[in-house]
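S.K.: everything below, folded, please.
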Amino acid sequence: MTSRETSPITQHVAALEPIENYLKGHATGKGEYIRKAFHPDARIISFRDGVHYSLTVEEFISARFQGEPAADEAQRKRFITQFDVTGNAGAAKVVLQYPGVTFTDYFTLLEINGVWGIANKTFSAATPA
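M.R.: Numbering: from 1, shown residues only. Below is the predicted model of the structure:
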């Protein structure tokens with residue numbers, strides 16, 4: 001292994017870091033974690049309630065992260081259900097179970113110049129019947 005190569009385990013650990021930052025951002029309400037999770041030119045794209053959304057990272061932070069945990073934070077659950085990395089690219093599926101809605105997030109991950117980040121996010125939102 002050369003100094004630029006990493007083991008698959010090291011690569012997977014590094015690729016998980018942006019997902020962990022994303023989860024910390026949701027738990028704390030702090031946009032700084034979201035900013036660390038995403039590549040600066042990433043997009044957050046969804047189709048919800050008949051409306052197509054396409055947000056920059058900064059628009060996503062402004063709309064959702066006010067610097068404080070949500071009032072119902074103790075009732076929220078978040079977990080990674082799928083994670084796969086090959087070389088400098090990967091994908092992850094994260095479920096966020098909140099009172100009244102469950103979000104399923106799909107991420108593409110990319111390592112650029114040795115730094116892993118979320119390249120794009122799409123999501124689905126389901127409300128209980």
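S.K.: going forward, measure contacts and count neighbours with C-alpha atoms only.
M.R.: OK.
S.K.: number of residues surrounding the closest residue to residue 83 other than its chain neighbours?
M.R.: Nearest residue to residue 83 in three dimensions, chain neighbours excluded: residue 92, at 4.4 Å (CA to CA, 6 or more residues apart in numbering). Burial of residue 92, expressed as a neighbour count using other CA atoms under 10 Å, amounts to 20.
S.K.: so what strands line up beside the helix or strand hosting residue 45?
M.R.: Remark: residue 45 resides in strand 38-48, with elements defined by DSSP states H and E. Here the strand partners of strand 38-48, with direction, are listed using DSSP bridges: strand 51-56 (antiparallel), strand 115-126 (parallel).
S.K.: how far off centre is stretch 118-129?
M.R.: 10 Å (CA atoms, centre = their mean, to the nearest Å).
S.K.: list the contacts for the residue nearest to residue 83?
M.R.: 80-84, 106-109 (CA atoms under 8 Å, 6 or more residues apart in numbering).
S.K.: wait, which of the residues you listed is closest to residue 121?
M.R.: Using CA to CA, residue 107 is the member of the contacts of residue 92 that sits closest to residue 121, with 4.6 Å.
S.K.: wait, what's in contact with the closest residue to the closest one other than its chain neighbours?
M.R.: Closest residue in space to residue 107, ignoring its immediate chain neighbours: residue 121 at 4.6 Å, by CA to CA, 6+ apart. Residue 121 is in contact with 42-45, 105-108, counting by CA under 8 Å, 6+ apart.
S.K.: show me the two of these that sit farthest apart.
M.R.: Distances among these were taken as CA to CA; the most separated pair is 42 and 105, at 14.2 Å.
S.K.: quick one: the helices in the chain?
M.R.: In order along the chain, the chain carries the following helices (DSSP state H): 8-28, 31-37, 57-64.
S.K.: among those, which comes closest to residue 72?
M.R.: Across the helices of the chain, residue 72 has its closest neighbour in helix 8-28 (10.3 Å, CA to CA).
S.K.: quick check: mean pLDDT of the closest one?
M.R.: Per-region confidence: helix 8-28 scores 93 on mean pLDDT.
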